[in-house]
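Q: the sequence and its predicted three-dimensional model are supplied below.
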Amino acid sequence: MAAKTGVRTSVRIVVAGDRGTGKSSLIAAAATESFPDNVPSVLPPTHLPADFYADGVPLTIIDSSSRYATAPVSVSVISE
């Protein structure tokens with residue numbers, strides 16, 4: 001039987017925005033189901049289980065830095 005086309009095996013989401021707007025806090029809260037007090041300025045790619053998303057597909061949330069100097073790093077992580 002041929003594989004279905006257009007069926008996602010995973011979803012990657014990039015969270016982008018201005019400095020200090022809570023991007024990392026939002027990701028940490030989604031991953032831990034609580035609002036943490038101390039969050040690093042940029043998180044590594046965060047993997048959420050398949051049952052987190054309504055379609056049953058694993059999610060990877062990629063945090064971004066608003067700093068221009070780290071933009072090439074963000075682009076390399078996104079394009080993986």
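A: The structure has been received and is ready for your questions. Residues are numbered from 1 along each chain as shown.

Q: next, name the residue at the spatial heart of the chain.
A: In the chain, the residue lying closest to the centroid (Cα atoms, centre = their mean) is residue 61, at 1.0 Å.

Q: any stretches of this structure with poor pLDDT?
A: Filtered on pLDDT under 70, the chain yields the residue ranges 1-6, 8, 67-80.

Q: against which helices or strands is the longest helix that the chain contains packed?
A: When the chain is scanned for its longest helix (criterion: DSSP state H), the result is helix 23-32. Under the contact definition 3 or more Cβ pairs under 8 Å, 6 or more residues apart in numbering; DSSP states H and E, helix 23-32 sits against strand 11-15, strand 46-48, strand 59-63. For the C-beta atoms, the positions are set from N, CA and C on the backbone; glycine is no exception.

Q: with distance to residue 22 added, can I get the ones you listed in TSV?
A: Converted to TSV, the helices and strands packed on helix 23-32 look like this (distance: least, Cβ to Cβ, whole Å):
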stretch	distance to residue 22
strand 11-15	10
strand 46-48	15
strand 59-63	11
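
Q: among these, which is the most enclosed?
A: Most buried of those, by mean neighbour count (mean count of other Cβ atoms under 10 Å): strand 59-63, with a mean of 19.

Q: partners of that one, with directions?
A: strand 11-15 (parallel), strand 46-48 (antiparallel) (DSSP bridges).

Q: how far does it sit from its chain's centre?
A: Remark: strand 59-63 is offset 1 Å from the chain centroid, using Cα atoms, centre = their mean, to the nearest Å.

Q: that one to helix 23-32, inter-axis angle?
A: 160 degrees (axes from the mean of the first three to the mean of the last three Cα atoms, to 10 degrees).

Q: so what touches strand 59-63?
A: Contacts of strand 59-63 from elsewhere in the structure, counted by Cβ atoms under 8 Å, 6 or more residues apart in numbering, are 10-15, 23-24, 27, 30-31, 42-48, 52-53, 74, 77-78.
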